[in-house]
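> The following block contains a protein sequence and its predicted model.
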Amino acid sequence: MTWPDLPSALDLARFQFAFTVVWHFLFPAFTIGLASFLAVLQGLWLWTGRALYLDSFRYWLKIFAVNFAMGVVSGIVLSYQFGTNWSVLSQRAGNIIGPLMGYEVLTAFFLEAGFLGVMLFGLNRVGKGLHFLATCLVAIGTLGSAFWIIAANSWMQTPTGHSVAADGTFMPDDWWAIIFNPSFPYRFLHVVIATYLTTALIVGAVAAFHLLRDRANERARLMLSMAMWMALLVAPVQALVGDAHGLNTLRHQPQKVAAMEGHWETQRGAPLILFGWPDAAREETRFALGIPKLGSLILGHSFDAEIPGLKAFPPEERPTNVPLVFWSFRVMVGLGFLMIFLGLAGLWLRWRGRLYDTPWFLRWTVAMGPAGLVAVTAGWIVTEAGRQPYTVYGLLRTADSVSPVAAPAVAASLAAFAVVYVVVFGAGTWYMFRLFRQAPHVHEEGPPQGKPIRTAGITPAPSVPHGADAGRLSPAAE
């Protein structure tokens, strides 16, 4: 009997980082879009005075608080792994990656931390304008965090603006070129739009769930309407941004694109392979089902464009797991098309006056709730697995980046992470689903707001008025 080879320390370190970063990014992917959604809801409340918007704001504010907390806690672990499992990467690239992550803390994270408490608990303690400012600053902070993290990761994908010292250390020469490296604009825009779509799908799914129970729930109707507008307007834009991102990737990481498309031979008039199984041993995509010449049209904007295949590169320069890249890309794109179709279906039903009372559409919307999270996870897998075998693309190989740690030590920490993550974040996710199941209603309660400050010499902020949906703020409150 032959026993399979045990995973190496490198394999375990890669899987550990993948496991923790997938768990982590599920929360920011929702937080970034939800923070902006909350700012919009509060702005509409201040503009119109309708309690409908305030109730919806308070409903999602509770969920935002739980999700934000889990995102922060899960993200702390990632930075430690740079020292424990990837010390060589930290030593050689730390002069660039370290400051970029430091900027994220000093700007975006401090901004979020400074105003999060006001946003969560200050509605009755500060003026409405100041509270709205706090909400907007938290939303800007989440976008700032994405900016710096994507800048660091994009530099690892398309490194520029540096020099290499005699000992192999990367030294910054031009911070502008480092931050705004060739892939950064496309990747940042692609990620931010993905977070907005993720939020829209979750908000729409929760609203549709409650409309299936009560078609007259005005707050659920508002949430579904806003979610469907976002899907209708943003999903097609995401497809265009994704196309531009793919062309940029073809210029800078052609091996990744070849793996995404399942192309082994360099050819003109390359087909678009819809399904198949890339076989690295036979260097072909078996059982391929494709559309002739469409691959060249998409990637080269010409039916006769030449598209490089994986055989054009030495085996040691190709992605190490081509099937994973190939199928993750199809999951991401397939879900993207479903989002576009969902938005179009919502527009058609809105035009017919049936958006809120069509059972099949509401059930489809509920089913699409996790689609954004699955799509961003699949997109991350394409990005990271596709740039293998490098951590810093073309300059530092993954095998040369790992810490000199024995496999049993990495396995023990991986097992501990698995247990803790499943228990802690599983419990947090379960609690969020409990919040999802609570129907939004009139006089919705958000996080505890406390009582207005009443101290000598200080004029307390007026209590937040809360009337019927169509009610307006009184002139005194305005």
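Perfect, I can see it now.

> which residue ranges form the helices in the chain?
9-48, 51-84, 87-103, 110-121, 128-157, 175-179, 184-213, 218-252, 254-261, 294-300, 322-352, 359-367, 371-386, 407-437 (DSSP state H).

> Low-confidence regions, the stretch 301-450 of the chain specifically.
By pLDDT under 70, the low-scoring segments of the stretch 301-450 of the chain are 443-450.

> just to revisit the earlier point, any idea which of the helices of the chain is most buried?
Of the helices of the chain, the one with the most neighbours on average (mean count of other CB atoms under 10 Å) is helix 254-261, at a mean of 26. In short, each C-beta sits where N, CA and C put it, glycine included.

> mean confidence for that one?
Averaging pLDDT along helix 254-261 gives 92.

> got it, and stretch 229-247?
On average, stretch 229-247 scores 93.

> Go ahead and name everything in contact with it.
With contacts defined as CB atoms under 8 Å, 6 or more residues apart in numbering, stretch 229-247 is touched by 183, 186-187, 189-190, 193-194, 196-197, 199-201, 204, 257, 260, 298-299, 333, 336, 339-340, 342-344, 346-347.

> and if you look at stretch 174-185?
Against stretch 174-185 from outside (CB under 8 Å, 6+ apart): 96, 100, 150-151, 154-155, 157-162, 172, 245, 248-249, 251-252.

> ok, back up a step: rebuild the helices of the chain as JSON lines, extending it with distance to E316.
Formatted as JSON lines, those follow (distance: least, CB to CB, whole Å):
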{"stretch": "helix 9-48", "distance to E316": "15"}
{"stretch": "helix 51-84", "distance to E316": "25"}
{"stretch": "helix 87-103", "distance to E316": "19"}
{"stretch": "helix 110-121", "distance to E316": "42"}
{"stretch": "helix 128-157", "distance to E316": "19"}
{"stretch": "helix 175-179", "distance to E316": "27"}
{"stretch": "helix 184-213", "distance to E316": "26"}
{"stretch": "helix 218-252", "distance to E316": "19"}
{"stretch": "helix 254-261", "distance to E316": "11"}
{"stretch": "helix 294-300", "distance to E316": "24"}
{"stretch": "helix 322-352", "distance to E316": "14"}
{"stretch": "helix 359-367", "distance to E316": "42"}
{"stretch": "helix 371-386", "distance to E316": "15"}
{"stretch": "helix 407-437", "distance to E316": "23"}
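
> out of those, which comes closest to F313?
helix 254-261 (5.2 Å; CB to CB).

> tell me what the closest one is packed against?
Helix 254-261 is packed against helix 218-252, strand 272-279, helix 294-300, helix 322-352, helix 371-386, with contacts defined by 3 or more CB pairs under 8 Å, 6 or more residues apart in numbering; DSSP states H and E.

> For the shortest one, which outside residues touch it?
In this case it means helix 294-300. 243, 246-247, 250, 257, 261, 263, 268-273, 302-307.

> how about 6 Å then?
250, 261, 269-272, 303, 305, 307 (CB atoms under 6 Å, 6 or more residues apart in numbering).

> Which members of those residues are classed as buried?
250, 261, 269-272, 305, 307 (16 or more other CB atoms under 10 Å).
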